[in-house]
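S.K.: Sequence first, then the predicted structure, then my questions.
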Protein chains: 2
Amino acid sequence: MSNEQLTMNKVDCVAIVSGGMDSVTLLHHLVKNEGRRPAVITFIYGQKHDKEISLAQWHAELLNCPDTVALDLRGLRPLFAASALVNANTPIPDITEVQGDSQPATYVPNRNMIFLALAAAYAETHGVTDIFYGAQAHDMYGYWDTTPQFLQSLNQVYGLNRQTPVQIKAPFINYTKTDVLRAGLALAVDYGTTWSCYEGESLACGRCPTCAERLAAFAAVGIPDPLPYQEHEKSGA
Amino acid sequence: MSNEQLTMNKVDCVAIVSGGMDSVTLLHHLVKNEGRRPAVITFIYGQKHDKEISLAQWHAELLNCPDTVALDLRGLRPLFAASALVNANTPIPDITEVQGDSQPATYVPNRNMIFLALAAAYAETHGVTDIFYGAQAHDMYGYWDTTPQFLQSLNQVYGLNRQTPVQIKAPFINYTKTDVLRAGLALAVDYGTTWSCYEGESLACGRCPTCAERLAAFAAVGIPDPLPYQEHEKSGA
């Protein structure tokens, strides 16, 4: 193997990729725009929509990312059981039910802190300091752990590490979902191989908060979403 | 069940207990001095000294803690493999090898951030905001994630949570190991049922950093450690 190839294969950051629109777009942005070599980390945590995981791995392979790990966190299920994303007995709310809610039922207890802490350990193991994640401004509902203030405070903590002062970067933190979509389309991202819907069905529901945001973004850009959706019998679908 | 019993059984905080001197003393302090009702969380993360886990559970039962969970994190082993505490091919250093080292081989990548993030999710699930852990000043070597500055910065992050603003408390953070031991002896803690040694042997080694600190504390107080130690053939043991 040539020196050039060795350099090509060396990881220079960590990217958290779920397989959704934001994180897949982020991965394409890092590789194509920034020339980064991310180690990709994705998480199996008992989410109903676990089909997103194989799509995260698919994009990591597509972009020749040299090191990908899917961490199995299903042992942590007791911690996450309160969330509608995990608990079979708690229905996923419609977008109309979460508008204006500062911490809706789709919130998973402390999930982002846990994912970022695991990604930071992965970064330390690789000896790299940059961690990227796809946090993005939510227009219609909110999570405390996707805000610029959250990121700034957390980086103050990680800056205390004496050997590998990890820093977390979220290039899309001030983007709307439409901004993310526009960025991804310019990078030729195939959104037919991303998964957003919180439900675990074979077709996306079109009603849950993340489906609603996604469909609104495609409508704003004026192109159809390549992903197939369920037909709804109810009016208003 | 009477109302009084129901009140007695209600969890009012989370305590991270490893089964070592500091966290076991902390648990006795919380229950006996402070009248708290901690939910106890302990972690199986591939540590060589996993015998500490059953001792954590033993003390939780002794103190009638109403809810104890041992989270199995062995799926995270790839993240922790760099540490001498986990990797079978990396020997545990002697205390003489870590003195003055700001991040010795016994450091586990981002372990405390991960454990605290999991404990915070556990606290959110219980609807309680106080998390206690046994961070304690290290006289002879250092970890970045046990300092007052670390704690203060991390609490700024957790204070951003909109529903359950968890706060992490470390009552022993300015204690020496000798201070912890004195506090525990006043609470009649049986240190024969705590485990500190980083090695996974049947008897404590007496040489690793945590054994050395522990033995120095007992020597300072002037009583023998009730735990049996290996006899060493080498001189200086």
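M.R.: Received the coordinates, thanks. For clarity, every value in this text was computed on a predicted model and none was experimentally measured.
S.K.: Next, the angle from the longest helix seen in chain A to helix B:111-126.
M.R.: Identified as the longest helix of chain A according to DSSP state H is helix A:111-126. Per axes from the mean of the first three to the mean of the last three Cα atoms, to 10 degrees, the angle that helix A:111-126 makes with helix B:111-126 is 170 degrees.
S.K.: can you count the residues close to A:Ala219?
M.R.: Neighbour count for A:Ala219, taken as other Cβ atoms under 10 Å in any protein chain shown: 12. All C-beta spots, glycine's among them, are computed from the backbone N, C-alpha and C.
S.K.: Angles on the backbone of it, please.
M.R.: When read as degrees, to the nearest 10, the backbone of A:Ala219 gives phi -60, psi -40.
S.K.: ok, back up a step: helix or strand right after the longest helix of chain A?
M.R.: Next helix or strand after helix A:111-126 toward the C-terminus (DSSP states H and E): strand A:130-132.
S.K.: for the following helix or strand past that following strand, packing partners?
M.R.: Using DSSP H and E, the helix or strand that follows strand A:130-132 in sequence is helix A:148-158. On a contact count with 3 or more Cβ pairs under 8 Å, 6 or more residues apart in numbering or on different chains; DSSP states H and E, helix A:148-158 meets helix A:111-126, strand A:167-169, helix B:148-158.
S.K.: Buried by neighbour count: which residues of the second one qualify?
M.R.: It refers to strand A:167-169. The neighbour-count check on strand A:167-169 (16 or more other Cβ atoms under 10 Å in any protein chain shown) flags A:Ile168, A:Lys169 as buried.
S.K.: That strand and chain B, any residue contact?
M.R.: No: using Cβ under 8 Å from any Cβ of the partner chain, strand A:167-169 never reaches chain B; the gap is at least 11.1 Å.
S.K.: Now the helix or strand just after that strand - C-alpha only, CSV.
M.R.: Next helix or strand after strand A:167-169 toward the C-terminus (DSSP H and E): helix A:177-186. As requested, the backbone C-alpha atoms of helix A:177-186 are provided in CSV (Å, rounded to 0.1, in the frame of the first residue of the first chain):
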residue,chain,number,x,y,z
LYS,A,177,-34.7,21.2,7.4
THR,A,178,-35.1,22.9,4.0
ASP,A,179,-31.6,24.3,4.2
VAL,A,180,-30.3,20.8,4.9
LEU,A,181,-32.2,19.4,1.9
ARG,A,182,-30.9,22.1,-0.4
ALA,A,183,-27.3,21.4,0.8
GLY,A,184,-27.8,17.7,0.2
LEU,A,185,-29.3,18.1,-3.3
ALA,A,186,-26.3,20.2,-4.3
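S.K.: Tell me the helices and strands packed up against helix A:177-186.
M.R.: Contacting helix A:177-186 under the criterion 3+ Cβ pairs under 8 Å, 6+ apart are the following elements: helix A:21-28, helix A:209-221.
S.K.: Least reliable of those by average pLDDT, please.
M.R.: Here the lowest mean pLDDT among the helices and strands packed on helix A:177-186 goes to helix A:209-221, at a mean of 93.
S.K.: Would you mind pulling up the elements that it packs against?
M.R.: helix A:95-98, helix A:177-186.
S.K.: who does the shortest one touch, helix- and strand-wise?
M.R.: Think helix A:95-98. By 3+ Cβ pairs under 8 Å, 6+ apart, helix A:95-98 packs against helix A:209-221.
S.K.: tell me the angle of the helix it packs on relative to helix A:21-28?
M.R.: Going by the same axes, to 10 degrees, helix A:209-221 makes 70 degrees with helix A:21-28.
S.K.: before we move on, back to that, any chance of a markdown table for the helices and strands packed on helix A:177-186, columns distance to A:Glu34?
M.R.: Shown next, in a markdown table, are the helices and strands packed on helix A:177-186 (distance: least, Cβ to Cβ, whole Å):
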| stretch | distance to A:Glu34 |
| --- | --- |
| helix A:21-28 | 10 |
| helix A:209-221 | 23 |
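S.K.: highest average neighbour count across those helices?
M.R.: Comparing those by mean neighbour count (mean count of other Cβ atoms under 10 Å in any protein chain shown), helix A:21-28 ranks first with a mean of 27.
S.K.: which stretches of chain A aren't confidently modelled?
M.R.: Along chain A, segments meeting pLDDT under 70 span A:1-9, A:82, A:84, A:86, A:98, A:100-103, A:105-106, A:138-142, A:232-237.
S.K.: hmm, 50 instead?
M.R.: A:1-8, A:139-140, A:233-237 (pLDDT under 50).
S.K.: returning to what we had before: hmm, the longest helix of chain A touching chain B?
M.R.: Yes: judged by Cβ under 8 Å from any Cβ, helix A:111-126 comes into contact with chain B at A:Arg111, A:Met113, A:Ile114, A:Ala117, A:Leu118, A:Ala120, A:Ala121, A:Tyr122, A:Glu124, A:Thr125.
S.K.: The helix or strand harbouring A:Ile53: how far from the chain's middle?
M.R.: Under DSSP H and E, the secondary-structure element containing A:Ile53 is helix A:51-62. Centroid separation for helix A:51-62 versus its chain: 12 Å, with Cα atoms, centre = their mean, to the nearest Å.
S.K.: which helices and strands sit right next to it?
M.R.: In terms of contacts (3+ Cβ pairs under 8 Å, 6+ apart), helix A:51-62 is packed against helix A:21-28, strand A:38-44, strand A:68-72.
S.K.: how about the ones you listed in a markdown table, adding distance to B:Ser54?
M.R.: A markdown table is the format used below for the helices and strands packed on helix A:51-62 (distance: least, Cβ to Cβ, whole Å):
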| stretch | distance to B:Ser54 |
| --- | --- |
| helix A:21-28 | 39 |
| strand A:38-44 | 28 |
| strand A:68-72 | 24 |
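S.K.: For B:Leu181, which of these is the nearest?
M.R.: strand A:68-72 (37.5 Å; Cβ to Cβ).
S.K.: Are that closest one and chain B in contact anywhere?
M.R.: Yes: contact of strand A:68-72 with chain B (Cβ under 8 Å from any Cβ) involves A:Val69, A:Leu71, A:Asp72.
S.K.: Report the buried residues of that strand.
M.R.: Buried, per 16+ other Cβ under 10 Å, within strand A:68-72: A:Thr68, A:Val69, A:Ala70, A:Leu71.
S.K.: Could you tell me the end-to-end distance of stretch A:160-173?
M.R.: 23 Å (Cα to Cα, to the nearest Å).
S.K.: Now do it: distance to the chain's middle.
M.R.: From the chain centre to the centre of stretch A:160-173 is a distance of 17 Å (Cα atoms, centre = their mean).
S.K.: list the buried ones in that stretch?
M.R.: Going by neighbour count (16+ other Cβ under 10 Å), the buried part of stretch A:160-173 is A:Asn161, A:Thr164, A:Val166, A:Ile168, A:Lys169, A:Ala170, A:Pro171, A:Phe172, A:Ile173.
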